[in-house]
Structure formats: structure tokens, C-alpha cells
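> predicted model, plus sequence, below.
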Amino acid sequence: MVNSRYRESSFFHDFTQEPFQPPLAVFNAGYSLWRRGNNYSLRHRKVTSINLITHGTAIFKQAGLEWKLSKGDAFISYAGQSQSFETGESGTLHKRFVLFQGILLDAFLASVGLSEISVVHVVNYSYLESLFRSCSRCLQNKEKQFVQQLPLLACAILLELGRCVHPTFPASLERAIAYVNRHLGENPSLAEIAHDSGLSPRQCTRLFLKHTGQSPIQFLLKQKMAWAESQLLGSRLSIKQISQNLGYQEPLYFSAQFKRFMGISPRSYRLKAAQG
């Protein structure tokens, strides 16, 4: 049951019309835009879906549990379960979604360690979002061999989420990531990040690029901007205070970096979120 409507665009393909039905595939994908007060509830849903939060905050309930979600979180709505979902404290929410089908879905979820997982904090957000976008583009354009691409995309999404739940990061990279997250209010250099992790700068850069797709400094900036986004949406701190908490001496420089990263200034971002 939908209690308050939100804006949604989705693209669909009916695999029952195909001569061969793949054992696992994405058959529906799209995105939705939510405002304050939008909410959704469903009893005993018929299909399994995965949603990726791309902006704002949300509250998701499933199997008697509740999660507060923000950008970079993915949640799995399982077939046969009852769920509810609503816009969070930020008052605005954007998300992408994919719906799965196939006789191997349950087995694949179990094989990658997702069968009892409802919420996943995404490690390589850019990569996962690109997979969601590819699903929508495939289903929308239906170019040559798109039917063969959708099972591959389904596997790639589930494998990436499984990797997030059970990361295979080397211990030295885990230490480096922990160091970055502890020092978001500072501006640690590559040499400092590497030294704390027992790595050379070259080794440190290679590990970050291999496992996160970003250099150590790019990863640090992404974490800073994610924290700034959460504070702009969920606190009353001034932009100057937020920039100081992140180690920026000049609020204007922080604003310029935020705009370069997010495509919008911190002030406009906060105003747009408040207006829904």
C-alpha cells in the first residue's frame, strides 16, 4: 500500500516472452524522487528488489527491524517479506532500484552472503551506481543483446554487494581506511596515511586504487564530502562550522570543493533539500 505518492521512472522487460528465460536477471529498474511525508508499505511483496540511496535520508523497516539510511546505503527488500519505507529527517530522498527474477536468485544471494542481510553500506559507491544506471539504460533503450546483458548486470550487482558485506581488503588497507575516517577533521598526507598503515606511499596508492577505485586522497575527499552532506541535511551547523570541523581554514575553499564534488554549492544543497 502506498500512503503518499512519490515521483518514479522505471523500465521493464517481460522475460516470459523470450524463448530462453535466464535463471537470474534484472527485469525492472529505475529511480524515484521522494519528498517529506512520502512513504510506502507493502505486505508480503512478490519480488526481491535492491535499492541504492543516492541522495538524502530514509527509514526502512523489514522483519521487525528498522534502519536509518543515507547516501551510499543499499537495502534489500525480500520477496515474501513485509516492508515499509519513508523519507528520513532530511525531508528529501533520491534512490535507484533494480528488481530481480530467476530460479537461481535465492541460491545466488546465499552464495554471496546476502540472504540474511537487509542493509549494506556500499564501499565503491560510484561503481555500484554505474551498474544501476546500466540496468535502467538497458531496459529503456533495449539495444541489441540487452537481454544477454541483464543477467550479467544482476550478477555484478549481487557480487559487489556481497563484497561490501564480506570485504576482502588486506589488513593494511583496512588500517588505512580506518586512519582516514579518524582524521576527517584534518588533512593527512599520502605519506601519513601510508606510514600509519605500514605501507609505502606507492603500495598505499596501489591498494586503494585496486579495492576502492580511488586514490587515498580521493577517498579522503569523498569521505569528507559524505560527512559534509550528512551535516548539511541533518544538523543546524553553519557552513563555516562544517568546513572547520573538516579541517578547512577557508569556508570558500570548502564550498568550492563541495560544488566540484556534488555539482552544487553547500548553501544551495541545504536550501534545495529543505524545499523538498
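Received the coordinates, thanks.
> all contacts plus neighbour counts: C-alpha atoms, from now on.
Fine.
> can you pull out the helices in the stretch 151-276 of the chain?
171-182, 190-196, 201-212, 216-234, 239-245, 251-262, 266-275 (DSSP state H, counting those that start in this stretch).
> right, and those helices - which one's nearest Leu69?
Ranking the helices of the stretch 151-276 of the chain by their distance to Leu69 (criterion: Cα to Cα) puts helix 216-234 first, at 10.7 Å.
> got the angle between that closest one and helix 266-275?
Orientation check (axes from the mean of the first three to the mean of the last three Cα atoms, to 10 degrees): helix 216-234 against helix 266-275 gives 40 degrees.
> residues of helix 216-234 that come out buried?
Buried residues in helix 216-234, counting neighbours by 16 or more other Cα atoms under 10 Å, are found at 216-217, 219-221, 223-226, 228-234.
> and for stretch 99-117?
Counting neighbours by 16+ other Cα under 10 Å, one finds that the buried residues in stretch 99-117 are Leu99, Phe100, Gln101, Leu105, Asp106, Phe108, Leu109, Val112, Gly113, Leu114, Ser115.
> so who does Leu246 touch?
Contact partners of Leu246, counting by Cα atoms under 8 Å, 6 or more residues apart in numbering, are Leu184, Gly185, Glu186, Lys224, Ala228.
> next one: stretch 150-159 to chain centre, how far?
Centroid separation for stretch 150-159 versus its chain: 16 Å, with Cα atoms, centre = their mean, to the nearest Å.
> export that stretch as PDB, just CAs?
What follows is stretch 150-159, C-alpha atoms only, in PDB (Å, rounded to 0.1, in the frame of the first residue of the first chain):
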ATOM      1  CA  LEU A 150      20.700  -8.000 -17.900                       C
ATOM      2  CA  PRO A 151      21.800 -11.400 -16.300                       C
ATOM      3  CA  LEU A 152      25.400 -10.200 -16.200                       C
ATOM      4  CA  LEU A 153      24.400  -6.900 -14.500                       C
ATOM      5  CA  ALA A 154      22.300  -8.800 -12.000                       C
ATOM      6  CA  CYS A 155      25.400 -11.000 -11.100                       C
ATOM      7  CA  ALA A 156      27.700  -7.900 -10.900                       C
ATOM      8  CA  ILE A 157      25.300  -6.100  -8.500                       C
ATOM      9  CA  LEU A 158      25.000  -9.000  -6.200                       C
ATOM     10  CA  LEU A 159      28.700  -9.800  -6.200                       C
END
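> do me a favour and average the pLDDT over it.
For stretch 150-159, mean pLDDT is 94.
> give me the contacts around it.
Taking Cα under 8 Å, 6+ apart as the rule, stretch 150-159 contacts 22, 24-27, 100, 108-109, 112, 128, 131-132, 134-135, 138.
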